[in-house]
Each structure stands twice: as C-alpha cells, then as structure tokens.
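Colleague: Can you look at this prediction? I've put the sequence above it.
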Amino acid sequence: MKKTICSVLFLCGIFVFSQENVKNDTIDTTKTAEIQEVILKAQRKKQFADKAVYTFDKEALEKARYAKDLIQTLPELQLDPIENTLKSTKGGKTLFLINGIEATDMQIRSVAPSEVVKVEYYDIPPARWATRADVVVNLITRSTETGYVFGADARSALNTGFVNGSAYANFTKGKNNFGLEYSINLRDYDNRKVHSIYDYQLDGSHYRTDENKVDHFGYTYQNVALRYTRAVPDDYTFQAKMNLDIYTTFVKGNGGSIFTKDGLTEEHGMLKNSSSNYTTPTLDLYFSKNLSKKDELSVNVVGSSFTTSTTEFAKEWIVPSGISGFDNDMNLQTKQTGIVGELAHVHTFEAGKLSSGYRVSNTNISNDLQNLTGFSEYSVNYLEQYFYTEFSGKVKKFSYRIGAGLTNIHNKSAENTFDQWSFTPKVILGYQLKDNQSLRFASSYRPVSPWSAALSSNIVQMAPNIVQRGNPFLKSQQMFANNFIYSLNNKYFDFNANLFYRYTDKIINQYYVLDEDFGYALTYENAKNSQQFGVQVSGSYKPFGNNLLVAKLNLTPASETIRTSNGALIKNNYLANNFVLSSEYKSFSLQYQLNIPVYTLSGAFLTTNENQNHIFGSYKQKEWTFIAGMYWIGMPSEYKTKSLPESLVNYSRVNRIMNNKSMFILGISYDFSKGKKTNLEKKLNNSTAPAATF
C-alpha cells in the first residue's frame, strides 16, 4: 500500500516539473478581494481554495447543443449513459445549480451555450451545501430577456425494458419566467440471476443455504415540475415550484436452494415477491431581497406530505413434501411529512464575504406495520438544526474560507430519544504556486445522522434462521475529514492529486448478531471508529490540446479500517478506478467508459461498485441529435457482496442482470430556443427527506 502511494506521489512530482507556464489575463475585476469573483479569458480554468472557475472559448460554445455539453467537458465530470445525467468521476453526490438555484438535468439542457458566462466547480462545497453534496457545480448565465425554449429526449433499448425520456419548456416575458418539465425512467428486466450462500454455526450444528434465484424486477420513476419565477434586478427574487415524484417498483423471484444441516441435505423451493410505491408532492418557496448594495437576505421553505406502501411476500418450502421452511408476509404503510426552512444573510466587505444562516429540517414518519412479529403502529421524528457562518477572502496569493457551525440532531422514536449538539468547524486554505499550479488544504468536522432504514424496528426474513432488522438506539456518527490537494492545469493537463485522511467516530456499522427468536439477525451498531486514507489522482489529458481526443482518469489507492464495538479490527485495501475516453469532431462525438470493480467496506460486508464497459456516440444536425450506443459490452451488469472473516454468518451474493448484457441503445433528441430566458439567482437550496422504506 505504501509503495503504491509513493509511486503516485512520484508521478505528481513529474507533473509539477513538466508543466506548461500559462499567463493569466483577467477580464473582470472587483474591489472586493474575494475568491468568487475572478473570470479569466486566456486561461480556461482558474483555481481557488474551494473551487475552480471554468470559461469556454468560441469553438466550444459553437459545438455545444446546450449548457450540459459544456459542463460535461469538465475534467472530473462524465455523462452517466444509464441515467443520461452528469456525475463525478470520483463518485459521491453531485449537486447542480443555475445561478445558485438547484437545477435538474433538463434545466441545464434548457440553457443555450451562448448564455453561459462561467461554471464554478466546488470540490469542497460551501457551508450551505456541505451536508448535502460532495461536489457542487454552479452554472452562471447572463441577464434576463424575453424568450422561450423547449425540447425532448428519448432513449430505449431494442430488446429489453430500458427507457429514458424527458421533455421541457420554458417561457420568459419581462421579469416573469414559467417552466414545465417531465421525465420518466423505466426498467423492466425479466432475467436477473442471483446466487446467495449463508453458512453458519447455530446451537452446535452447522447450517448452509445455497440459493439460486431468477428475478423479474423493475421500476418506473416519473417527475413533473412546474415553476414560476419573478426577478426584479437589484431588488428581489421570488420563486414558487411544485414538484411531483411518482415511483413504483416490483420484484417477482422464483428459485431453489440446497439446505444443509450437519451433512443432511434438503432441496428447497422458494419465491419472493415485493413492491413499493409512493407519490411525493413538494412545494418549494423562495424569496431573496437586496437590503443594500452589500447585504442580501434569503428565505427558503420546502414542504412535502405523502404515503409510501411497501409489501413483501417470501416463502421457502421443502421439495417435494411442501413443508414450510418459513413464510414472510410484510405490509408497511408509511405516512411521511417533511418540512425544511432556511434563513441566510450575506454581507460583502472590502476584504471578503461573510455568509451566515440557520436551517431546520423536520421529518415525521407514522408506520402501520404487519410483519413476522404481528401488527404494530409506531412513529418516529427526525429533527436537525444547523447554524453556520463562514468568511471567504483572498490576500495576494493566499485564499481562504473559514467557517464554524453548530449542529443539533434530535431523533425520537417509541424506544429511544437521541439528542446531540456538535460544533462543526471548517478551514480551507489555498496558495497559488504559479499561474497554473496551486496547493490547497481543507479540514472539517461534522455529524452524520442515521438513516431511516437503519433506525427502523422492522424485521424481514432473509433465509432460514436469518432475519434483518434496524436499531432504534443508534447515535449519529462524527466525521473528521482532511484533504491536501495539488492542482495543475495547462493546455494539455487538468490534474488534481488529493492526499486524504478521514476519521469517523461512532461509525454506523452493519453486522450479524445472535437472535433468540430467529437465529441470527443482520442489524446495526455504533462501532468504535473507522479510518480511511489514500491518494486520489483525477483529471483529464488532451494530447492535441483540444476535444478531438480527451482521456479522463480517476485512480485512488486507499486503505480503510473499522474498529467494531467489541474491539475487532477490520481492514481493506483497494484501488478505485474510472477511465473515460472521448472524441469530438465537427458534428460527431464518441465516448468510451471503463472501470474495474473493487471491493470496499460496507458494514459487515465487502461490496463491489457497478461495472462499466460502455460505448456511445451522437450526431448533431441543427436542433436534432441522434444517439446510439452499447452498454455493458460482452458482460451483464454485476454486483458482488461477501462477508468478512469476523462475521458470525459467512455470506456471499452475486447479482447479474442478464438483460442488459451488450444492450444496444438508440435515441433521439430535439432542443430549440429563441431569445433568452430568466435565470434565478437563488442562494438557498433544500429538499425534504426521501421516502422511508426498509
């Protein structure tokens, strides 16, 4: 592990001394020496302590269909062909904004390339987004003018149930903007092969269950959004947004297993059917007022109320007698209400900018549950408060952002009440080595609340003598993260090397325990701690200095450990990787994506990430774009899980979706715009908690 890290650092040194010196030429200056305000003309990228600012030349603007094409060229972003959305090559959650407002994929598509001023890429998100995303991308556009824009996109496999579709329309007149969006993602796969093994000792006997199952499963996710915005420049902005999420999913599985007890073998039949559905209406209200030239006050309120229905019926029986091994019949009705409110103030000084705010989120969940233990009714409430303030500025070659916050987590259930206040500081320091090189250091500390499934008291039968349940007594985990980053960019390279170390106290860990009623239970605990360290090398290489050929790489040699509550040390080393090769020539574009899945720690298990081996291309003809591609070339999508040696149950699972092996995709897109549209500069972005399921 040490040899690998040293090798990567040696390569970083080679990059430092082989760099090309590029001069800066600013086209916009301001008296305020803050890190957000510099736009460059001669150099495409400007690196600050917490973000990079990208601008685009005339050739790039002319080739792009819409703003999404421009953002896709950023060195650490790639197009996810499965969902047709943009994501980070480094993984984690990416949040997209347009002038500070959270934006959907279709909103980014609705922005014409000529309207793009710059793109801010935050690999260290500011305080107001730090708890919601790992990467933030903010698209800055031009001023308001009358105009309209609309478009549609459809992509489908030819021989299986795979469909992505969307449509959008925006109209602007004067200070008013109206927007409407619809999207659908449909999956219907009838050939998913699952092989699972449970091996364990119980009451002095040795048990083994070897399962082979074929599933028919799928889901349909639909989103409808309607927006109204009124923006009066240098005065106020108001936005009302109605959002409707419609989600349904199903699984129908049949198969068999070989059940062994102390050398005696039985042939078992098995089936598992499950479904879940919800419709989530959300109202998002936003208002921002300029109190003076240096002060701005913003208010954001988001609310939702909906019901989630989840059913599961699973059983196993002895063949041919038909004697039952187990029956699991679960019905869960969850009524969920969530509200988020945030108040923020920004004051601009000569030396920098001070941002302060308060956010509160409350989620109440009422459950009607029928499961193995009978019928029960219980309610839970999750309350989180967050006070924050941060100051950002720049002094010569030094840039900085210093923040402090106070977080309160208050989780209440019938079994337990957890209340905790945590101080959450953050420090970001940056130094410009040369025009195209910089060093950055970031350190932060924050709590992470348990998710609803981990806190649930629900019980689900997984196999004979094996159940899964949550733990209502979980406490929040505390994360301490440090990053030391070297950045280099020139005509050919846009490169980051991040030496990172993360320590998590009271980390939430999933593991097997003895259960007097069922045998073994897979549940959750607050382990003592976890540590993760390594080097992440990411960026792009353009051998010709343009987009004719671009290679994007993410390579992360790392080591991770977990110290369980009983003192056992679990350790894992891995080499995360991701490779993208793309080419653009006139109206043609081509892209190839590849990775080698690796095992990473996930509670009591080691799990692999999804494999990639995709190629896809497009041809643009005026407002029309034609798409073709093949996903998972020569292989199905595959997901592997295996237990650790310390586990009481030796478990393994291999999941392969045979339908999408060498899946051929065809698609067509139409995008049209005339004039210009309103873009809201919104400073607060929130959403209520996702649907609670188990």
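Modeller: Good, I have the coordinates. Please read these numbers as outputs of a predicted model, since none were measured by experiment.

Colleague: okay, which residue is most central for the chain?
Modeller: Centroid-nearest residue in the chain: Lys93, 2.5 Å away (criterion: CA atoms, centre = their mean).

Colleague: does the closest residue in space to that one that isn't next to it in sequence count as helix, strand or coil?
Modeller: Excluding its sequence neighbours, the residue lying closest to Lys93 (CB to CB, 6 or more residues apart in numbering) is Ala133, at 4.9 Å. C-beta here means a position set from N, CA and C on the backbone, and glycine is covered the same way. The three-state assignment at Ala133 reads coil, by DSSP: H, G, I helix; E, B strand; the rest coil.

Colleague: what is Gly519 paired to in the beta sheet?
Modeller: On the basis of DSSP bridges, Gly519 is bridged to Asp515.

Colleague: give me every residue that touches it.
Modeller: For Gly519, the contact set (CB atoms under 8 Å, 6 or more residues apart in numbering) comprises Leu202, Pro464, Asn465, Ile466, Val467.

Colleague: in this protein, what spans have low per-residue confidence?
Modeller: Where the chain drops to pLDDT under 70, the residues are 1-43, 143-145, 675-694.

Colleague: mind running it again at 80?
Modeller: 1-43, 101-102, 128, 131, 142-146, 414, 435, 603-604, 673-694 (pLDDT under 80).

Colleague: What ranges does it have for its helices?
Modeller: Counting by DSSP state H, the chain has helices at residues 2-17, 58-63, 67-72, 105-109, 127-130, 452-455.

Colleague: tell me the contacts of the residue nearest to the centre of the chain?
Modeller: Arg132, Ala133, Asp134, Val135.

Colleague: nearest residue to Ser156 other than its sequence neighbours?
Modeller: Nearest to Ser156 is Val163, by CB to CB, 6+ apart, at 4.8 Å.

Colleague: residue contacts, the one you found?
Modeller: Val163 neighbours (CB under 8 Å, 6+ apart): Ala154, Arg155, Ser156, Ala157, Ile184, Asn185, Leu186.

Colleague: And the residue nearest to the first one when sequence neighbours are not counted, how close does it get to Ser444?
Modeller: Using CB to CB, 6+ apart and skipping residues adjacent in sequence, the residue nearest Ala154 is Gly165, 4.6 Å away. As judged by CB to CB, to the nearest Å, Gly165 and Ser444 stand 40 Å apart.

Colleague: Between these two, tell me which one has more neighbours.
Modeller: Set Gly165 next to Ser444 and count neighbours by other CB atoms under 10 Å: Ser444 wins out with 20 against 17.

Colleague: which residues does the more buried one bridge with?
Modeller: With DSSP bridges as the rule, Ser444 is bridged to Lys426, Ala481.

Colleague: do Thr248 as well
Modeller: Going by DSSP bridges, Thr248 forms beta bridges with Thr220, Asn277.

Colleague: Contact partners for it?
Modeller: Neighbours of Thr248 in contact, by CB under 8 Å, 6+ apart: Tyr219, Thr220, Ser275, Ser276, Asn277.

Colleague: Hmm, Pro125 and the residue nearest to Lys93 touching each other?
Modeller: Yes: here Ala133 reaches Pro125: they are 5.5 Å apart, a contact under CB atoms under 8 Å.

Colleague: For the residue nearest to Lys93, give me the backbone phi and psi.
Modeller: phi -150, psi 160 (degrees, to the nearest 10).

Colleague: Kindly report the same for Val319.
Modeller: phi -100, psi 130.

Colleague: Got the phi and psi for Ser476?
Modeller: phi -70, psi 150.

Colleague: From Thr209, how far off is Ile466?
Modeller: Distance from Ile466 to Thr209, by CB to CB: 8 Å.

Colleague: which neighbours do the two share?
Modeller: Tyr198.

Colleague: Adding distance to Ser392, write the contacts of Thr248 out as TSV.
Modeller: Listed next are those as TSV, based on distance: CB to CB, whole Å:
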residue	distance to Ser392
Tyr219	42
Thr220	43
Ser275	48
Ser276	43
Asn277	44
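
Colleague: Name all residues that make contact with Ala157.
Modeller: Counting by CB under 8 Å, 6+ apart, Ala157 has contacts Val163, Asn660, Met663, Phe664, Ile665.

Colleague: can you pull out the strands in the stretch 151-300 of the chain?
Modeller: 161-173, 176-202, 205-232, 236-261, 264-290, 295-318 (DSSP state E, counting those that start in this stretch).

Colleague: export the ones you listed to CSV and tack on distance to Arg653?
Modeller: Listed next are the strands of the stretch 151-300 of the chain as CSV, based on distance: least, CB to CB, whole Å:
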stretch, distance to Arg653
strand 161-173, 23
strand 176-202, 5
strand 205-232, 9
strand 236-261, 13
strand 264-290, 13
strand 295-318, 15
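
Colleague: For the residue lying closest to Ser324 once chain neighbours are set aside, name its beta-bridge partners.
Modeller: Leaving aside its sequence neighbours, Ser324 sits nearest to Trp317 (CB to CB, 6+ apart; 5.3 Å). When assigned by DSSP bridges, Trp317 has beta-bridge partners Gly269, Ser324.

Colleague: State the distance from Lys506 to Asn526.
Modeller: Lys506 is 4 Å from Asn526, by CB to CB.

Colleague: try Met630
Modeller: 45 Å.

Colleague: How about Leu264?
Modeller: 39 Å.

Colleague: Ok, Ala103 next?
Modeller: From Ala103 to Asn526 the distance is 37 Å (CB to CB).

Colleague: ok, these two, which is more surrounded?
Modeller: Ala103 (24 against 18).

Colleague: Please enumerate residues in contact with stretch 365-385?
Modeller: Here stretch 365-385 has contacts from 328-336, 358-364, 407-414, 449, 452, 455, 457-461, 467, 472, 518, 689, 692, using CB under 8 Å, 6+ apart.

Colleague: Report the buried residues of that stretch.
Modeller: Neighbour-count burial for stretch 365-385 flags Ile365, Asn367, Leu369, Asn371, Leu372, Tyr378, Val380, Tyr382, Leu383, Glu384 (criterion: 16 or more other CB atoms under 10 Å).

Colleague: Tell me which two in those residues are the farthest apart.
Modeller: Leu372 and Glu384 (31.7 Å; CB to CB).

Colleague: Can you give me the buried ones in stretch 484-492?
Modeller: Ile485, Tyr486, Ser487, Leu488, Asn489, Asn490, Tyr492.

Colleague: for the last one, what are its contacts?
Modeller: Which is Tyr492. Neighbours of Tyr492 in contact, by CB under 8 Å, 6+ apart: Glu20, Tyr541, Lys542, Pro543, Gly545.

Colleague: rerun that using 7 Å as the cut-off
Modeller: Tyr541, Lys542, Pro543, Gly545 (CB atoms under 7 Å, 6 or more residues apart in numbering).

Colleague: Would you quantify the distance from it to Ala64?
Modeller: Where Ala64 is concerned, Tyr492 sits at a distance of 21 Å (CB to CB).

Colleague: Check the fifth one too.
Modeller: Taken as CB to CB, the spacing of Asn489 relative to Ala64 amounts to 20 Å.

Colleague: swap in the second one?
Modeller: Computed with CB to CB, the distance linking Tyr486 and Ala64 is 30 Å.

Colleague: again, but for Arg656
Modeller: 37 Å.

Colleague: How about Ser274?
Modeller: Applying CB to CB to Ser274 and Ala64 gives a distance of 43 Å.

Colleague: more crowded one of the two?
Modeller: Ala64 (21 against 17).

Colleague: Spatially nearest residue to that one, not counting backbone neighbours?
Modeller: In space, Ala64 is closest to Pro113, 4.1 Å off (CB to CB, 6+ apart).

Colleague: Contacts only, for Arg666.
Modeller: One correction, residue 666 is Leu, not Arg. Ser156, Leu158, Ile627, Ala628.

Colleague: what about Met462, neighbour count?
Modeller: With other CB under 10 Å as criterion, Met462 counts 21.
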